[in-house]
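K.L.:
fold the following, please.
(chains A, B, C and D)
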There are 2 protein chains.
Amino acid sequence: MSAKKPENTGGSVVKLALVSDTKAAESMTSQAYMRLKQDIISGHLQPGRKLKIEELRRQYDVGTSPVREALSLLTSDHFVERIDQRGFRVSNVSQDEFTELLKTRCWLEERALRESIAAGSAQWEEQVVLANYRLSRIPRSQSDDHFVANADWEAAHKLFHMTLIAECGSSILLKFCDQLYDQNIRYRQLSGSTAYPKRDVAEEHSKICDAVLARNADLAVELLVSHYNNTSKFVRKELG
Amino acid sequence: MSAKKPENTGGSVVKLALVSDTKAAESMTSQAYMRLKQDIISGHLQPGRKLKIEELRRQYDVGTSPVREALSLLTSDHFVERIDQRGFRVSNVSQDEFTELLKTRCWLEERALRESIAAGSAQWEEQVVLANYRLSRIPRSQSDDHFVANADWEAAHKLFHMTLIAECGSSILLKFCDQLYDQNIRYRQLSGSTAYPKRDVAEEHSKICDAVLARNADLAVELLVSHYNNTSKFVRKELG
DNA sequence: ACAACCAAAAATATCTACATAATTCGAACT
DNA sequence: AGTTCGAATTATGTAGATATTTTTGGTTGT
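P.N.:
Sure, this is the predicted structure:
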């Protein structure tokens, strides 16, 4: 039987090659979605700004349909607001909304972290350690004297925080936390560059990591929440 | 002065008439969105079913753009899944997902209820009482011998549960709870008609109401959670 | 002169119809 | 049985028509 399947092996090699190329076969809508999301999170598209279809169409070099679909997707993510017959605009930000965001984030992540600590496997522990180590090796800013956002650090930071809560047992809750995390980055970026905190963020991460590995849920939660609250002070200052 | 503006008065009458008609001035996208959402929640569009644009276009008598936009909106609400180049389909359901949904709902609503009880105003108390009373006056089923879903009851039930947590202080958390509630209705509808529980749901609501008014958070949470768990048994039985 | 008001024009959002590209399905052929 | 090829189906994208909102510039009454 196995002798009869040499072509099959050959076929799967082809398939593997195709799969690795598949990334290129991406719809215009997906592209527009990701670029728009990135531009909003990074602050390049300012809060409250009108998102004119024609403008975006030219900017991203796609048709109207993909643009509208991407905007529709972003609407449910709360990055874009839509008013019937009146188009789309970038969601507004406010002191109040940020307070609410932070509060909600703490509530949800507390629950997720407690569940994760209670249920987490040994493999999960290793992932936490690894995520913390990798994060610690990446400089937060690209420059030493003034703050220049470092995309690698952002990615590693998100991965660390998501790993902490990864074993909470609810992909739904994880999705919510993910959404709130992205909302939070936006606020951080908006106020970001000027308020470059001098505190040792890496140290805070390691402390959280230790508490998690010791399965000390109360301490881990306390450290995580104050970690978020510390960051929030800088954001709040900027929002005035 | 007033004698000189009869046209103006006439004008504002016209405006008033237009405003009251404004409900009709709704985009095709919004219409399609609501009809699709309703059809999915009610189970009329079954889980996993392929959503062909052409089919929906004819069904709802709208163009392709509104249909795609509506589907995009529903994607983020987790009612519809989208795969690049392969279209849309109704989200699948499963025993596991339902378990996760229920668990997450309990976590989020517990937090929301505790915050609401801690912060709720006297006006909020009145709204809770009112919502409970109104709900108690509406029959759950349209028929006495067999179960026929009653849209009025559904609306009042949702209003009651949302009122309980309304003063949690986070519109973000409320939005999440709202989403999960709708997801839950869908599961209830899917398994619904046959498993018509005989237990006294109204009594359960009143008990929760009492605990809330007594500001007994621990009891209120316990009652709410077991209320949800009771319902879940019937759903689970059906999903088997 | 100045504010409120209106009407017409421009800008814009929305929708439809059609063109293109990808996938799916099935028959013919190893 | 499994593969290949091509027709049919379906998703996606584009261009242009239509409807709505916004802007503008003129008009009137104070």
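
K.L.:
going forward, measure contacts between C-alpha atoms and count neighbours the same way
P.N.:
Will do.

K.L.:
can you list contacts of stretch A:169-181?
P.N.:
With contacts defined as CA atoms under 8 Å, 6 or more residues apart in numbering or on different chains, stretch A:169-181 is touched by A:77, A:101, A:105, A:108-109, A:112, A:115-116, A:119, A:158, A:162, A:165-166, A:168, B:100-101, B:103-104, B:176.

K.L.:
what residues does chain A have near chain B?
P.N.:
A:26-27, A:30, A:65, A:68-70, A:72-73, A:75-77, A:84-85, A:100-101, A:103-104, A:107-108, A:111, A:169-173, A:176 (CA under 8 Å from any CA of the partner chain).

K.L.:
among the residues you listed, which lie within strands?
P.N.:
The strands, defined by DSSP state E, take in nothing from the residues of chain A next to chain B.

K.L.:
going through the residues you listed, which ones are buried?
P.N.:
Buried members of the residues of chain A next to chain B, scored by 16 or more other CA atoms under 10 Å in any protein chain shown, are A:30, A:65, A:68-70, A:72-73, A:75-77, A:100-101, A:103-104, A:107-108, A:111, A:169-170, A:172-173, A:176.

K.L.:
give me the subset of the residues you listed touching DNA strand C.
P.N.:
residue A:65 (CA under 7 Å from any atom of the strand).

K.L.:
for the biggest helix by length in chain A, which helices and strands make contact with it?
P.N.:
Determined from DSSP state H, the single longest helix within chain A is helix A:95-119. Here helix A:95-119 touches helix A:171-192, helix A:217-239, helix B:95-119, helix B:171-192, going by 3 or more CA pairs under 8 Å, 6 or more residues apart in numbering or on different chains; DSSP states H and E.

K.L.:
helix or strand right after it?
P.N.:
As assigned by DSSP states H and E, the chain's next helix or strand after helix A:95-119 is helix A:122-136.

K.L.:
pull out the buried residues from that following helix.
P.N.:
Applying a neighbour-count criterion of 16+ other CA under 10 Å, the buried positions in helix A:122-136 are A:124, A:125, A:127, A:128, A:129, A:131, A:132, A:133, A:135, A:136.

K.L.:
isn't residue A:224 right up against residue A:208?
P.N.:
Yes: look at residue A:224 against residue A:208 with CA atoms under 8 Å: they come within range, at 6.5 Å.

K.L.:
what does chain A have sitting close to DNA strand C?
P.N.:
Chain A comes close to DNA strand C at residues A:25, A:50-54, A:64-65, A:83-88, as judged by CA under 7 Å from any atom of the strand.

K.L.:
what about the spatially most central residue of chain A, distance to residue A:50?
P.N.:
Geometric centre of chain A, nearest residue: residue A:182, 4.2 Å, by CA atoms, centre = their mean. Distance, residue A:182 to residue A:50, by CA to CA, to the nearest Å: 21 Å.

K.L.:
then residue A:114?
P.N.:
Distance from residue A:114 to residue A:50, by CA to CA: 41 Å.

K.L.:
between these two, tell me which one has more neighbours.
P.N.:
Shown here are residue A:114 and residue A:50; by other CA atoms under 10 Å in any protein chain shown, residue A:114 has more neighbours (22 against 16).

K.L.:
residue A:217 is in contact with the more buried one, correct?
P.N.:
Yes: applying CA under 8 Å, one finds residue A:114 in contact with residue A:217, separated by 5.7 Å.

K.L.:
next, count neighbours for the nearest residue to residue A:149 once chain neighbours are set aside.
P.N.:
Leaving out its chain neighbours, the residue that sits closest to residue A:149 by CA to CA, 6 or more residues apart in numbering or on different chains is residue A:141, at 5.4 Å. By other CA under 10 Å, 18 other residues sit near residue A:141.

K.L.:
now for residue A:141: which residues touch it?
P.N.:
Residues near residue A:141 by CA under 8 Å, 6+ apart: A:147, A:148, A:149, A:150.

K.L.:
where's the first one relative to chain B, distance?
P.N.:
For residue A:147, the distance to chain B under the criterion CA to the nearest CA, to the nearest Å works out to 31 Å.

K.L.:
check residue A:238 too.
P.N.:
Distance, residue A:238 to chain B, using CA to the nearest CA: 22 Å.

K.L.:
next, count neighbours for the closest residue to that residue other than its chain neighbours.
P.N.:
Nearest residue to residue A:238 in three dimensions, chain neighbours excluded: residue A:191, at 5.3 Å (CA to CA, 6+ apart). Counted with other CA under 10 Å, residues neighbouring residue A:191 total 19.

K.L.:
hang on, the earlier thing: from the residues of chain A next to DNA strand C, list just the buried residues.
P.N.:
Among the residues of chain A next to DNA strand C, the ones that count as buried by 16+ other CA under 10 Å are A:50, A:51, A:53, A:65, A:88.

K.L.:
now for the residues you listed, which pair is the farthest apart?
P.N.:
A:50 and A:65 (17.7 Å; CA to CA).

K.L.:
hang on, the earlier thing: out of the buried ones among the residues of chain A next to DNA strand C, which sit inside strands?
P.N.:
Using DSSP E, these in strands are A:50, A:51, A:88.

K.L.:
list the beta-bridge partners for the second one.
P.N.:
To tie it back to what came earlier, the one meant is residue A:51. residue A:88 (DSSP bridges).

K.L.:
residues in chain A within reach of DNA strand D, list them.
P.N.:
Residues of chain A lying near DNA strand D (CA under 7 Å from any atom of the strand): A:7, A:8, A:27, A:28, A:29, A:62, A:63, A:64, A:65, A:66, A:85, A:86.

K.L.:
in CSV, list these along with distance to residue B:213 and pLDDT.
P.N.:
Shown next, in CSV, are those (distance: CA to CA, whole Å; pLDDT from 0 to 100):
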residue, distance to residue B:213, pLDDT
A:7, 73, 34
A:8, 69, 36
A:27, 53, 87
A:28, 53, 92
A:29, 49, 94
A:62, 56, 93
A:63, 55, 92
A:64, 52, 95
A:65, 51, 96
A:66, 50, 96
A:85, 43, 94
A:86, 43, 96
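
K.L.:
in space, what's closest to residue A:211 - neighbours in sequence excluded?
P.N.:
residue A:220 (5.0 Å).

K.L.:
and that neighbour, how many neighbours?
P.N.:
Neighbour count of residue A:220, defined by other CA under 10 Å: 22.

K.L.:
for it, give me the pLDDT.
P.N.:
With respect to pLDDT, residue A:220 scores 98.
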